[in-house]
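Participant: Sequence isn't available, so here's the structure alone:
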């Protein structure tokens with residue numbers, strides 16, 4: 001069986017999973033791989049990857065049926081999200097093409113007969129954290145799952161812009177968050193509640209929310225009257241915002257891993273986050289950040305106050321985080337996937353176009 005390694009991602013928008021898909025594609029291209037991308041038509045992922053050498057792009061209409069048609073000629077399919085799993089399985093069933101699944105979310109998949117069959121039929125299953133591997137065990141206890149964590153994005157920083165942002169925020173200390181504005185997932189109401197408590201108690205502290213999402217109107221309403229909290233919206237220059245922060249806040253209610261945390265580590269930011277999902281696999285409580293339980297307002301406040309009041313602690317943790325970030329490099333992730341693809345190709349008799 002001949003054909004290129006084909007990445008499959010049918011997600012709308014551009015969030016952590018799509019950023020990781022792009023990082024992997026670019027990493028493999030740098031190693032000389034010939035690749036293909038099947039993405040949903042009109043979504044950002046395809047456009048962002050158009051300059052990648054050795055990559056052909058097929059934009060699919062109509063979700064799973066359109067993706068199945070676009071997968072014709074693939075040599076090995078790598079599904080990066082849930083909808084793609086269905087198309088990869090159907091393609092394998094009809095055309096005999098093996099597929100790899102990467103599971104990036106901790107919730108689900110539901111324990112249906114179809115899901116069990118799709119995951120059992122995969123040539124390899126990857127979880128981005130041990131927490132997700134444990135969740136997959138609830139689907140199929142004997143399912144072999146490898147863990148390959150996400151990678152940092154090595155986000156560029158324009159320091160002049162970062163300084164301007166810092167000046168615009170005002171105050172003496174900036175605690176920031178980057179994520180989709182979805183409180184049921186990312187827990188931003190906890191940040192807004194702390195900003196309201198600290199508006200008069202700690203007037204030198206500023207809170208910044210970077211991102212857009214379905215709860216934006218609700219969150220803006222909850223923050224009404226707060227002059228110490230800023231909504232930055234969705235931005236292309238996340239690195240500049242991270243450089244303008246003193247502390248990174250991540251009060252998620254559930255999280256497969258939280259790849260933006262790796263970006264925060266690369267930026268040398270101490271992190272205050274919830275101890276849910278795969279977050280403790282990146283943030284070690286008391287070592288490179290502080291962890292608390294969701295909606296424990298007192299613990300959240302104490303952790304933020306601890307960093308705000310101790311510049312020496314922030315500096316020590318910043319140094320630890322830059323070292324920790326090296327464990328999550330894009331090169332490391334790419335190398336692990338490359339070895340996985342070669343192993344699958346050898347077992348499945350697939351003749352990939354390899355460097």
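Facilitator: Ah, there it is. Just so we're clear, the structure is a prediction, and the values are computed from it rather than from any experiment.
Participant: Okay, strands next: where are they in the stretch 101-250 of the chain?
Facilitator: Taking DSSP state E, counting those that start in this stretch, the strands of the stretch 101-250 of the chain run over residues 124-127, 145-147, 173-178, 205-210, 229-233, 247-250.
Participant: Please work out which of those strands is packed deepest.
Facilitator: strand 247-250 (a mean of 26; mean count of other CB atoms under 10 Å). Placement of C-beta: from N, CA and C, glycine included.
Participant: Report all helices and strands that the next helix-or-strand element following that one contacts.
Facilitator: Counting by DSSP states H and E, the next helix or strand C-terminal to strand 247-250 is helix 259-266. Counting by 3 or more CB pairs under 8 Å, 6 or more residues apart in numbering; DSSP states H and E, the packing neighbours recorded for helix 259-266 are helix 16-30, strand 173-178, helix 238-244, strand 247-250, strand 271-274, helix 311-325.
Participant: which residues touch helix 259-266?
Facilitator: Applying CB atoms under 8 Å, 6 or more residues apart in numbering, the external contacts of helix 259-266 come out as 16, 19-20, 128, 150-155, 178-179, 238-239, 242, 248, 250, 271, 273, 279, 282-283, 288, 321-322, 324-325, 328.
Participant: out of those residues, which are buried?
Facilitator: 16, 19-20, 128, 150-153, 155, 178-179, 238-239, 242, 248, 250, 271, 273, 279, 282-283, 288, 321, 324-325, 328 (16 or more other CB atoms under 10 Å).
Participant: And the helices and strands packed on helix 259-266: which comes nearest residue 256?
Facilitator: helix 16-30 (8.6 Å; CB to CB).
Participant: for that closest one, packing partners?
Facilitator: strand 5-9, strand 35-40, helix 44-48, helix 259-266, helix 330-348.
Participant: related to what we said a few turns ago, could the helices and strands packed on helix 259-266 go into a markdown table alongside distance to residue 8?
Facilitator: Listed next are the helices and strands packed on helix 259-266 as a markdown table, based on distance: least, CB to CB, whole Å:
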| stretch | distance to residue 8 |
| --- | --- |
| helix 16-30 | 9 |
| strand 173-178 | 26 |
| helix 238-244 | 25 |
| strand 247-250 | 29 |
| strand 271-274 | 30 |
| helix 311-325 | 29 |
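Participant: export those to JSON lines and tack on mean pLDDT?
Facilitator: Listed next are those as JSON lines, based on pLDDT from 0 to 100:
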{"stretch": "helix 16-30", "mean pLDDT": "95"}
{"stretch": "strand 173-178", "mean pLDDT": "98"}
{"stretch": "helix 238-244", "mean pLDDT": "97"}
{"stretch": "strand 247-250", "mean pLDDT": "98"}
{"stretch": "strand 271-274", "mean pLDDT": "97"}
{"stretch": "helix 311-325", "mean pLDDT": "93"}
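Participant: Between the ones you listed, which one is closest to residue 205.
Facilitator: So among these, strand 173-178 is nearest, using CB to CB, at 4.9 Å.
Participant: List of residues touching the closest one?
Facilitator: Contacts for strand 173-178 (CB under 8 Å, 6+ apart): 166, 186, 188, 191, 204-211, 238, 241-242, 244-251, 260, 263-264, 272, 304, 308.
Participant: can we see that at 6 Å?
Facilitator: 191, 204-210, 238, 245-247, 249, 260, 308 (CB atoms under 6 Å, 6 or more residues apart in numbering).
Participant: Most widely separated two among these?
Facilitator: Using CB to CB for every pair in the contacts of strand 173-178, the one that comes out farthest apart is 204 and 260, at 25.6 Å.
Participant: Look at these two and report which has more neighbours.
Facilitator: residue 260 (26 against 12; other CB atoms under 10 Å).
Participant: Which residue is the nearest non-sequential neighbour of residue 227?
Facilitator: Ranked by CB to CB, 6 or more residues apart in numbering and with sequence neighbours excluded, the top spatial neighbour of residue 227 is residue 199, at 7.4 Å.
Participant: Perfect, I'm done here.
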